[in-house]
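**Student:** From the sequence below, what's the structure:
(one chain, ligands or ions: 1)
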Amino acid sequence: SITRHYKFDIRMENVTRLCQTKSVITVNGKFPGPRIIAREGDRLVIKVVNHVPNNISIHWHGIRQLRSGWADGPAYITQCPIQTGQSYVYNFTVIGQTGTLWYHAHVSWIRATLYGPIVILPRSNTSYPFLKPYKEVPIIFGEWWKANTEAVINQALQTGAGPNNSDAYTINGLPGPLYNCSSPKVKPGKTYLLRLINAALNDELFFKITNHTFTVVDADANYVKPFETDTIFIAPGQTSNVLLKTKTLTSNTKFLMAARPYSTAASGTFDNTTVAGVLEYNSNNMPLSTTAIKGLALPSLPAINATSYVANWTGKFRSLANSQFPVNVPQTVDKNFFFTVGLGNDPCPKNQTCQGPNGTKFAASVNNVSFTLPTTALLQARFFGRPNGVFSTNFPAFPLNRFNYTGTPPNNTMVSHGTKVVVLPYNTTVQLVMQGTSILGAENHPLHLHGFNLYVVGQGTGNFNSSSDPANFNLVDPVERNTVGVPSGGWVAVRFRADNPGVWFMHCHIEIHLSWGLRLAWSVMDGKFPNQKLPPPPSDLPKC
Ligand code: C2O
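**Tutor:** Numbers count the residues shown, from 1 in each chain. Predicted coordinates:
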């Protein structure tokens, strides 16, 4: 294992998309940001220097950060943001993970343009549990607004309404040939490893390439039992490695690839546009094809509200669960939690008109608690023993009011507010059932937990039944993910072991839901032994 050094200069850069130029926040002048590459076991030392007017912090999404919680990155959870002119060195080791992860800004909506791939290769003496691909290609989905995205979120929060839709989806930062050009070139008869990342702010996506199939081999940097599919589903925050075997063709040919959202939100409010890229075959030194893009068939994607496709899709994922890649799902549970996850609302302040549901403001919550971000970092407050006035430890383990979660919502749909955390003694085994609610419409919520992988032991439609559903839980080969969909009109059950001391953010990775308060923090306490404790913070940890 080695130490790899990176320097991220956060700068404004003019970027032109959709025939308009705007100044955006970038890493080293690049959009999307540069690739970080490491082998399992390597240490990454990344110096982030903030040259922009905004506060910055960067999260290394999916990295377990074992006993390196100070490097996790969410603003006001593990650190104060890096102020203009300041810098911070993120220092962590990649332990027990191989695959694709990503980094993104973790303050306000700055991740709209500040994101990039993290490629984790197997240790140098090991290989993939599948045939070595000919080439590896990152495919990063994103969203592009012509307007300034900070203005988009600020306006949404002020008026209480949903945010304006983005103007285009992007693949590797480009809106693609339906607008403009972007085309990965491939050779016939080869196997490519596509490293898929959904970096979009607010949309879960289907992805397909005309006349091709994929073999899914990994999810969130964990190997899975390979399965074939022609259509991928990927939620914001999720990553997946898939193999693409190109056809045996003797002439240069083009195929369209396309992504389009999945949404069950009230009709008319979601964005139904499609992003496309081109898969171009470039046979041995033959002249490049001049086939026009126009007239190429778009792949036919599932309907925008294809909930059964998504349920079926998530059910296909199984861990490898063999001697080389064993599953460590807790077989017994110390602590049970049941979280209701969904939308709600806030009253409209006096002397203001709000454009949310029935003149209120949109909000979102877990067990009806809409989490308020503190003005200092939770982990600092805890470490220095000053939690008073920053957070309380009374996050409810169960909803205070029960109702038919997937039926008619209760009369009062207002959320409550607070900075409440869940405290877990070191090494607690946790079972968490997350139940989607139908308040203001049922939606799929991709819940992301920092610092851990979650074993997905069960999922279902309707209301979770605590007496009959656990009997069907998969404790043999459940998939391990850092971002897990709570199904629209259903529930998901996960397990994890609290073996990583620190304060860990958990939130819906649909950015507007996060902004509305669909977030909370787990405070995992130190264990007895030195190697079970969080070390003190680095001296350059930013101050608030
Ligand atoms: Cu990728 Cu807290 O998120």
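**Student:** Following the helix or strand in which Ser308 is found in sequence, what is the next regular element?
**Tutor:** For Ser308, the element it lies in under DSSP states H and E is helix 307-314. Going down the chain from helix 307-314, the next helix or strand is strand 335-346, by DSSP H and E.
**Student:** helices and strands around that next one, which ones?
**Tutor:** If you count contacts as 3 or more C-beta pairs under 8 Å, 6 or more residues apart in numbering; DSSP states H and E, strand 335-346 packs onto strand 361-366, strand 429-436, strand 445-449. All C-beta spots, glycine's among them, are computed from the backbone N, C-alpha and C.
**Student:** right, and Gly160 touches Thr353 too?
**Tutor:** No: the criterion here is C-beta atoms under 8 Å, and Gly160 misses it with Thr353 at 9.1 Å.
**Student:** more neighbours, these two?
**Tutor:** Comparing Gly160 with Thr353 by other C-beta atoms under 10 Å, the one with more neighbours is Gly160, at 23 against 9.
**Student:** separation between the more buried one and Gln355?
**Tutor:** Applying C-beta to C-beta, to the nearest Å, the value for Gly160 to Gln355 is 6 Å.
**Student:** Please apply the same query to Ile209.
**Tutor:** For Ile209, the distance to Gln355 (C-beta to C-beta) stands at 39 Å.
**Student:** can you give me phi and psi for the residue nearest to Tyr169 when sequence neighbours are not counted?
**Tutor:** In this structure, Tyr169 finds its nearest non-sequential neighbour in Val275, 3.5 Å apart by C-beta to C-beta, 6 or more residues apart in numbering. As for Val275, its main-chain torsions (degrees, to the nearest 10) stand at phi -110, psi 140.
**Student:** Might you enumerate the residues of the stretch 401-544 of the chain proximal to the ligand?
**Tutor:** Neighbours of the ligand within the stretch 401-544 of the chain, by C-beta under 6 Å from any ligand atom: 448, 450, 505, 507, 509.
**Student:** Can I get those in a markdown table including neighbour count and pLDDT?
**Tutor:** Formatted as a markdown table, these follow (neighbours: other C-beta atoms under 10 Å; pLDDT from 0 to 100):
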| residue | neighbour count | pLDDT |
| --- | --- | --- |
| His448 | 25 | 98 |
| His450 | 28 | 98 |
| Phe505 | 26 | 98 |
| His507 | 27 | 98 |
| His509 | 27 | 98 |
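**Student:** for these, which one is nearest Phe8?
**Tutor:** Nearest to Phe8 among those is His450, at 19.5 Å by C-beta to C-beta.
**Student:** pretty sure Asn172 contacts Pro117?
**Tutor:** No: the criterion here is C-beta under 8 Å, and Asn172 misses it with Pro117 at 9.5 Å.
**Student:** Pull up the overlap in contacts between those two.
**Tutor:** Residues touching both Asn172 and Pro117 by C-beta atoms under 8 Å, 6 or more residues apart in numbering: 32, 138, 140.
**Student:** Which of those fall within strands?
**Tutor:** Judged by DSSP state E, these include 138, 140 as members of strands.
**Student:** Ile209 and Gln355: which has the busier surroundings?
**Tutor:** A direct count of neighbours by other C-beta under 10 Å for Ile209 and Gln355 places Ile209 higher, at 21 against 16.
**Student:** hang on, Leu157 in a strand?
**Tutor:** No: per DSSP: H, G, I helix; E, B strand; the rest coil, Leu157 lies outside any strand segment and is helix.
**Student:** change the start of the numbering to 11 and stick with it
**Tutor:** Happy to do that; since the first residue is 11 now, the last one works out to Leu167.
**Student:** quick one on the thing from earlier: ok, of the residues of the stretch 411-554 of the chain next to the ligand, which one's closest to Ser78?
**Tutor:** Closest approach to Ser78 among these (C-beta to C-beta): His460, at 11.7 Å.
**Student:** need the residues of the protein near the ligand, please.
**Tutor:** Proximity of the chain to the ligand (C-beta under 6 Å from any ligand atom) is limited to residues 69, 71, 84, 114, 116, 247, 458, 460, 515, 517, 519.
**Student:** And Thr260, how far from Pro198?
**Tutor:** Distance of Thr260 to Pro198, computed by C-beta to C-beta: 7 Å.
**Student:** Between the two, tell me which one has more neighbours.
**Tutor:** Neighbour tally, Thr260 and Pro198, criterion other C-beta under 10 Å: the higher count belongs to Pro198, 16 against 10.
**Student:** pretty sure that one contacts Thr256?
**Tutor:** Yes: the criterion here is C-beta under 8 Å, and Pro198 meets it with Thr256 at 5.5 Å.
**Student:** Excluding residues flanking it in the chain, which one is nearest Pro63?
**Tutor:** Of all residues not flanking Pro63 in the chain, Thr94 sits nearest, at 5.8 Å (C-beta to C-beta, 6+ apart).
**Student:** Many thanks, we can stop here.
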